[in-house]
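A.B. asks: Fold the following and give me the result.
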Amino acid sequence: MKRTYRIKYGSKDIRLRIPEENVLHQIEVKEPEQRESNRELLRKALEEPVDALLLAEAVAGKRVVLLVEDATREVPITDLFPPVAEQLRTAAFVQVLVCTGTHNPNLPGNAEIVAALQHAFRQYDVKSFAIEIHRGKGIEYWDAGTLRTGNRVLVNPRAKEADVYLALSDMKNHYFAGYSNALKNFLPGICANQTTERNHALALKDQATFGHHPLHADPQRQDNPLAEEMLEAFRLIRRDRVALTLAIVSKGDQILWAAYGELEEVVRRGTGEVDRLMSQTVEPADLLIVSPGGFPNDESLYTAQRALELSKNAVKPGGEVLFVAECRHGIGPDSAKENFYDLLRRPLEEVFKILEQKYILYSHKAYKFARLIASVKRIGFYTTLERTLVEPIHLFPVESPQQFVDEALQRNPNLTINIVNDGNKIALHSRTNGGV
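C.D. replies: Below is the predicted model of the structure:
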């Protein structure tokens with residue numbers, strides 16, 4: 001019997017008719033058994049701090065640096081910003097940094113974040129504040145020191161004068177940093193590209209993968225060299241200052257979990273919540289259909305690729321992938337084109353050899369993409385990107401997702417299929433490999 005499956009694509013859905021008996025898993029972020037409103041979850045989090053003072057007390061009379069994620073993250077800002085602004089009224093000054101890292105600072109959504117913050121600050125009478133969208137190059141940076149790896153931590157100078165850091169963080173799985181979390185608001189969030197480049201070179205190591213982080217509660221899952229350097233950089237930037245986070249786990253506009261308090265302890269707790277809500281062990285299938293989760297998770301190929309990495313364990317070696325990502329902003333940041341997209345246009349063997357010689361910023365994405373492409377029969381790509389952009393990077397342009405699936409079923413009526421609908425957040429572990 002055929003069933004209709006909804007796949008997120010940009011700001012809409014596409015629908016696929018697939019026989020139920022062929023589908024092994026339909027995978028999305030789990031819903032909590034008891035739903036509470038976003039405002040209620042945030043209120044409880046702020047009233048029950050983890051190893052910290054109440055926020056209004058912690059910032060009273062202090063210079064606060066507020067670190068906010070950029071528009072490539074799907075965050076319910078209309079619910080998140082007002083309760084934070086209400087607590088920041090007691091601060092002497094609030095410097096907001098929109099943490100773009102190496103992303104395009106000029107995304108329209110970043111301007112929307114600035115407008116939403118300004119509205120919230122006016123609404124709750126935060127009188128003294130400034131907002132800046134971080135740029136990873138072209139400004140004078142604060143040299144916060146050198147890490148054990150020799151990496152110099154060059155930071156947005158606005159962060160230097162903080163008495164208190166407050167990071168707003170939407171936690172989820174991350175394919176090489178282990179987890180998106182408040183540490184990423186510091187490195188790469190407000191660092192110079194050259195600092196991020198040396199850090200991201202560690203993404204080529206096999207241990208730099210989802211589910212592993214130095215602040216994970218399980219000692220067996222604390223090995224991740226890239227995340228370890230992020231933690232060291234955060235401690236170097238923070239020094240002896242107070243560092244707080246309001247962390248959430250969300251699905252679309254719905255907050256599933258929230259906690260506020262001392263940054264490292266909240267991140268530690270948050271990794272467990274991400275595991276509970278956003279990680280699954282599955283049986284690999286012949287065909288994987290994966291959506292990053294719609295806009296902004298599929299705003300560009302650069303952003304959407306995360307979904308392939310997080311879900312790659314759900315397809316058998318030599319299987320097929322149908323990748324559904326709108327990419328309304330094209331390939332990604334102009335700065336990423338040469339070392340991500342252009343590098344991927346080369347024969348796959350050349351991609352591997354180039355990266356064995358020297359790492360350059362963004363090339364880890366080409367390397368991981370190339371490894372996935374080499375491991376499967378083909379990746380069909382349904383997108384607004386022109387065919388002339390898709391074919392050179394070893395992907396198969398798809399005009400009709402339904403036709404792609406129908407033809408695969410015609411070739412093999414016993415085809416097994418996995419469907420992933422929140423690919424940029426959910427991490428999949430293979431049952432055949434024993435899971436995590």
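
A.B. asks: Compute the number of surrounding residues for the closest residue to residue 309 other than its chain neighbours.
C.D. replies: Counting by CB to CB, 6 or more residues apart in numbering, residue 175 is the residue found nearest to residue 309 once chain neighbours are left out, at 3.6 Å. Bear in mind the C-beta positions are built from the backbone N, C-alpha and C, glycine included. Here the number of neighbours of residue 175 (other CB atoms under 10 Å) works out to 23.

A.B. asks: What separation do you get for residue 175 and residue 369?
C.D. replies: 11 Å (CB to CB, to the nearest Å).

A.B. asks: Tell me how many other residues crowd residue 170.
C.D. replies: For residue 170, using other CB under 10 Å, the count is 20.

A.B. asks: Now do the contacts for it.
C.D. replies: 69, 73, 74, 75, 180, 247, 248, 249, 250 (CB atoms under 8 Å, 6 or more residues apart in numbering).

A.B. asks: hmm, 7 Å instead?
C.D. replies: With contacts defined as CB atoms under 7 Å, 6 or more residues apart in numbering, the neighbours of residue 170 are 69, 73, 75, 180, 248, 250.

A.B. asks: Verify the stated contact: the fifth one with residue 259.
C.D. replies: Right, residue 248. No: using CB atoms under 7 Å, residue 248 makes no contact with residue 259, being 8.1 Å away.

A.B. asks: Which of those two has more residues huddled nearby?
C.D. replies: Taking other CB under 10 Å, residue 248 and residue 259 do not tie; residue 248 has more neighbours (26 against 23).

A.B. asks: how near is that one to residue 169?
C.D. replies: 7 Å.

A.B. asks: now residue 24
C.D. replies: Distance from residue 24 to residue 169, by CB to CB: 33 Å.

A.B. asks: So for those two, which residue has more residues nearby?
C.D. replies: residue 169 (28 against 17).

A.B. asks: nearest spatial neighbour of the more buried one, skipping sequence neighbours?
C.D. replies: Residue 169 sits nearest to residue 182 (CB to CB, 6+ apart), 4.1 Å away.

A.B. asks: can you check residue 352 too?
C.D. replies: residue 370 (6.6 Å).

A.B. asks: which residues does the one you found contact?
C.D. replies: 344, 348, 351, 352.

A.B. asks: Which members of those are the farthest-apart pair?
C.D. replies: Maximum pairwise distance in the contacts of residue 370, criterion CB to CB, is 11.5 Å, between 344 and 352.

A.B. asks: Count the residues that sit near residue 92.
C.D. replies: Neighbours around residue 92, by other CB under 10 Å: 13.

A.B. asks: same question, residue 157
C.D. replies: 13.

A.B. asks: so where do the strands sit in the stretch 51-200 of the chain?
C.D. replies: 63-69, 93-99, 129-133, 142-146, 152-155, 164-170, 172-174, 178-180 (DSSP state E, counting those that start in this stretch).

A.B. asks: Could you export the ones you listed as JSON lines, including distance to residue 83 and mean pLDDT?
C.D. replies: Below are those laid out as JSON lines (distance: least, CB to CB, whole Å; pLDDT from 0 to 100):
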{"stretch": "strand 63-69", "distance to residue 83": "13", "mean pLDDT": "98"}
{"stretch": "strand 93-99", "distance to residue 83": "15", "mean pLDDT": "98"}
{"stretch": "strand 129-133", "distance to residue 83": "16", "mean pLDDT": "98"}
{"stretch": "strand 142-146", "distance to residue 83": "30", "mean pLDDT": "98"}
{"stretch": "strand 152-155", "distance to residue 83": "28", "mean pLDDT": "98"}
{"stretch": "strand 164-170", "distance to residue 83": "11", "mean pLDDT": "98"}
{"stretch": "strand 172-174", "distance to residue 83": "21", "mean pLDDT": "95"}
{"stretch": "strand 178-180", "distance to residue 83": "21", "mean pLDDT": "97"}
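
A.B. asks: picking up where we left off before, comparing residue 344 and residue 352, which residue is more hemmed in?
C.D. replies: The neighbour comparison of residue 344 against residue 352 (other CB under 10 Å) goes to residue 344, with 23 against 15.

A.B. asks: show me the contacts for that one.
C.D. replies: Residue 344 neighbours (CB under 7 Å, 6+ apart): 351, 366, 369, 370, 393.

A.B. asks: what does the helix or strand containing the first one contact?
C.D. replies: When you say that, I think you mean residue 351. If you go by DSSP states H and E, residue 351 is part of helix 348-357. Here helix 348-357 makes contact (CB under 7 Å, 6+ apart) with 204, 343, 344, 363, 366, 367, 370, 373, 374, 394.

A.B. asks: Likewise for stretch 18-37?
C.D. replies: 1-3, 5, 251, 256, 277-278, 280, 282-283, 285, 405, 409, 415-422, 425-426, 428.

A.B. asks: Just the buried ones from these, in ChimeraX syntax?
C.D. replies: Selection of buried members from the contacts of stretch 18-37 for ChimeraX, criterion 16 or more other CB atoms under 10 Å:
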select :5,251,256,277,278,280,282,285,405,409,415,416,417,418,419,420,421,422,425,426,428
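
A.B. asks: Okay, and which of the contacts of stretch 18-37 map to strands?
C.D. replies: 2-3, 5, 251, 256, 280, 282, 285, 417-420, 428 (DSSP state E).

A.B. asks: Enumerate the positions of the helix or strand of the chain with the lowest mean pLDDT that are buried.
C.D. replies: Using mean pLDDT, DSSP states H and E, helix 334-336 stands out as the lowest-scoring helix or strand of the chain, at a mean of 79. Across helix 334-336, burial judged by 16+ other CB under 10 Å covers 335, 336.

A.B. asks: With stretch 140-158 instead?
C.D. replies: 141, 142, 144, 147, 151, 153, 154, 155, 156, 158.

A.B. asks: is it true that residue 81 touches residue 116?
C.D. replies: Yes: between residue 81 and residue 116 there is a contact under CB under 7 Å: 5.6 Å.
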